[in-house]
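> Okay, here's the prediction I keep looking at, along with the sequence it came from:
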Amino acid sequence: MRLVLFQQGRSSEVRPGLLQERGVIDIGAAVPPRHTPQLTMQGIIDDFERLRPAIETLARSREPAALDSVRLLPPLPRPGKILACIANYWEHAQREARPLNMFLKNPDAVIGPGDTIELPAFTEPWAFMHEAELALVIRGPAKRIKREDWRRAVFGYTCMIDVSARGEGRYTWPKGPPASWLGKSFDTFAPLGPCITTADEIPEPNDLIVRFWNDGELRHHYNTDDMEHRVPELVEFASTVMTLYSGDIISCGTNHEGLGTLQDGETVEIEIQQIGRMRLTVSDPLKRKWERGVYLGVDSTNPAAVRRYRPGG
């Protein structure tokens, strides 16, 4: 299943739904109402096995609303935690895995399909960049999960763009934020969506193609098989440090091949195989300009850009 939150027509009411090729099916009749859209999705995650038969009945019996008649929202509008991997992909001629590490990204930075990434006006970093990533949606509580049991802690998968402000040394105040990872946490810097694909639909998360376009230019184009530390290890590592709860996110890092800048007026799209595709725009009140194209000098429009760098394969 591909689960979404959406609004229809001019209504401000947020409804849970199933995303299909022909549109969105409202599953609100099968899902107990909660106080917030985030809690609604967390309720689906926590009680999914009991709710599933009724959701499947609605999917068979109802006609979907056309996609152009609905507005898709981030499927997790306010996760309790967003843990994001630092790097985590084999790149270039690298032949030794770097230590696994993560940082916390601001949950209030989440936006969804069709929204706008807003570059901050009060700092002058070297550049703002995109990092297209596979994100794990947690089913909790999960604590000290061994890697062989990782599946019991993963409810599903979604797409995340880890928007990143980069500068010299990741800045010293007042030039920019006073700490390294604050440059990842500006408002709107965590686009999520378009849906949560349940784990049963993706038996192997370490074999998915991730792609990202900037104004139609293909930049990121890689396979999640190239993770230095694969999904089971990420779950074990994170749940050793802290308790993970339903609706928390672990973003798996990016392959920096194809990294580039974001700037005013651009349209960006992320797509992950078996999950879906979403489009956003970029706005910069200062209208700053950086050289367009792929930052690391890799021609990501070339099919060779998706070749695997994992040693031995």
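All right, it came through fine. Numbering: from 1, shown residues only.
> C-alpha only now, for contacts and for neighbours.
Will do.
> helix or strand right after the helix or strand hosting L19?
Under the criterion of DSSP states H and E, L19 resides in strand 15-20. Downstream of strand 15-20, the next assigned helix or strand under DSSP H and E is strand 23-26.
> Let me see the residues that make contact with that next one.
For strand 23-26, the surrounding residues in contact (Cα atoms under 8 Å, 6 or more residues apart in numbering) are 15-19, 58-59, 62-67, 70.
> again, only using 10 Å
The contact list for strand 23-26, computed with Cα atoms under 10 Å, 6 or more residues apart in numbering, reads 2-8, 15-19, 55, 58-72.
> quick one: terminal-to-terminal distance for stretch 54-74?
Counting by Cα to Cα, to the nearest Å, you get 23 Å between the two ends of stretch 54-74.
> in it, what's buried?
Residues of stretch 54-74 classed as buried: 55, 58-59, 64-65, 70-74 (neighbour count, 16 or more other Cα atoms under 10 Å).
> Distance from the helix or strand harbouring L234 to the middle of the chain?
For L234, the enclosing helix or strand under DSSP H and E is helix 231-241. Using Cα atoms, centre = their mean, to the nearest Å, the distance from the centre of helix 231-241 to the centre of the chain it belongs to is 18 Å.
> got it, and stretch 270-279?
Averaging C-alpha positions (Cα atoms, centre = their mean) puts stretch 270-279 10 Å from its chain's average.
> Report the rounded mean pLDDT for that stretch.
Averaged across stretch 270-279, pLDDT comes to 98.
> now do stretch 8-25
Along stretch 8-25, the predicted local confidence has a mean pLDDT of 93.
> The buried residues of stretch 54-74 in helices, which ones?
In helices, judged by DSSP state H, the following of the buried residues of stretch 54-74 are found: 55, 58-59.
> where are the low-confidence patches of the stretch 201-313 of the chain?
In the predicted model of the stretch 201-313 of the chain, residues 294-313 satisfy pLDDT under 70.
> okay, L136: pLDDT?
In this prediction L136 is given a pLDDT of 98.
> so which strand or helix has it?
Remark: L136 resides in strand 132-138, with elements defined by DSSP H and E.
> Please state the offset of that strand from the chain centre?
5 Å.
> Sheet-wise, list the partners of it with their directions.
With DSSP bridges as the criterion, the sheet partners recorded for strand 132-138 are strand 154-161 (antiparallel), strand 249-251 (antiparallel).
> Make a markdown table out of those and add mean neighbour count and distance to Y222.
What follows is the strands paired with strand 132-138, written out as a markdown table (neighbours: other Cα atoms under 10 Å; distance: least, Cα to Cα, whole Å):
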| stretch | mean neighbour count | distance to Y222 |
| --- | --- | --- |
| strand 154-161 | 27 | 14 |
| strand 249-251 | 27 | 15 |
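> Same list (those) but as TSV, adding distance to R288.
Written out in TSV, the entries for those read as follows (distance: least, Cα to Cα, whole Å):
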stretch	distance to R288
strand 154-161	21
strand 249-251	28
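> Relative to Q42, which of the ones you listed is closest?
For those, the distance to Q42 is smallest for strand 154-161, at 10.4 Å, taking Cα to Cα.
> Show me what the helix or strand that comes right after that closest one is packed up against.
Heading C-terminal from strand 154-161, the first helix or strand you meet, by DSSP H and E, is strand 164-166. For strand 164-166, the contact count by 3 or more Cα pairs under 10 Å, 6 or more residues apart in numbering; DSSP states H and E identifies strand 127-129 as packing neighbours.
> got the contact list for the strand it packs on?
The contact list for strand 127-129 (Cα under 10 Å, 6+ apart) reads 119-120, 161-168, 183-184, 189, 259-263, 288-291, 295.
> What's the PyMOL syntax to select whichever of the residues you listed are buried?
Selection of buried members from the contacts of strand 127-129 for PyMOL, criterion 16+ other Cα under 10 Å:
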select buried, resi 119+120+161+162+163+164+165+166+167+183+184+189+259+260+261+262+263+295
